[in-house]
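Student: I'd like to go over a predicted model; first the sequence, then the structure.
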Amino acid sequence: MTQRSITLALLLTLLLLFSVMFYMQHELFFQKSSSFIVRLRTTERYIEAEKWNEALHEAELVEKQWNKGEVLISIKYAGSSFTLLNIALGELKAAIRTRDPHTAAKSVKTTLYLFENITSISPRSS
């Protein structure tokens, strides 16, 4: 094989891998009926309405969905935002359990920001 053929084969392989990763990320997090963002917004509405049991249930579904795609995301992006999102999810559940609407609302917004940043094509550094 020539150098050009090897370079082209490697480029196509990388393109294929990244395409598959973004497709899987989309399938895991952006399905309309169970979108990660929709679940977080639902959690936020329950917090605002002080429906704590429902908010906790939604937050647990958000965390479960995040855990399913965590390995995939960590391959693409394992920076500080990734760690901060895990912390924000834990803080969200703790705030809901203690019925702290201010911390819970802040945690939802932090989680949304970090998630959108991490799942973007070109994440901003934190």
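Tutor: In hand now; what should we look at?

Student: low pLDDT regions in the chain?
Tutor: 32-33, 76-78, 121-126 (pLDDT under 70).

Student: one more time with 90, if that's ok
Tutor: 1-2, 4-6, 9, 14-37, 65-83, 85, 115-126 (pLDDT under 90).

Student: need the helices for this structure, in chain order.
Tutor: Applying DSSP state H to the chain gives helices spanning 3-29, 36-48, 52-76, 80-97, 101-118.

Student: can I get these in TSV with mean neighbour count?
Tutor: Bear in mind the C-beta positions are built from the backbone N, C-alpha and C, glycine included. Formatted as TSV, the helices of the chain follow (neighbours: other C-beta atoms under 10 Å):
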stretch	mean neighbour count
helix 3-29	11
helix 36-48	19
helix 52-76	16
helix 80-97	18
helix 101-118	19
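
Student: Could I get the contacting residues of the nearest residue to F30 once chain neighbours are set aside?
Tutor: Computed as C-beta to C-beta, 6 or more residues apart in numbering, the closest residue to F30 that is not its neighbour in sequence is F36, at 7.2 Å. F36 is in contact with F29, F30, V62, Q65, W66, F115, counting by C-beta atoms under 8 Å, 6 or more residues apart in numbering.

Student: okay, now the second one: neighbour count?
Tutor: Read that as F30. The tally of other residues near F30 (other C-beta atoms under 10 Å) stands at 13.
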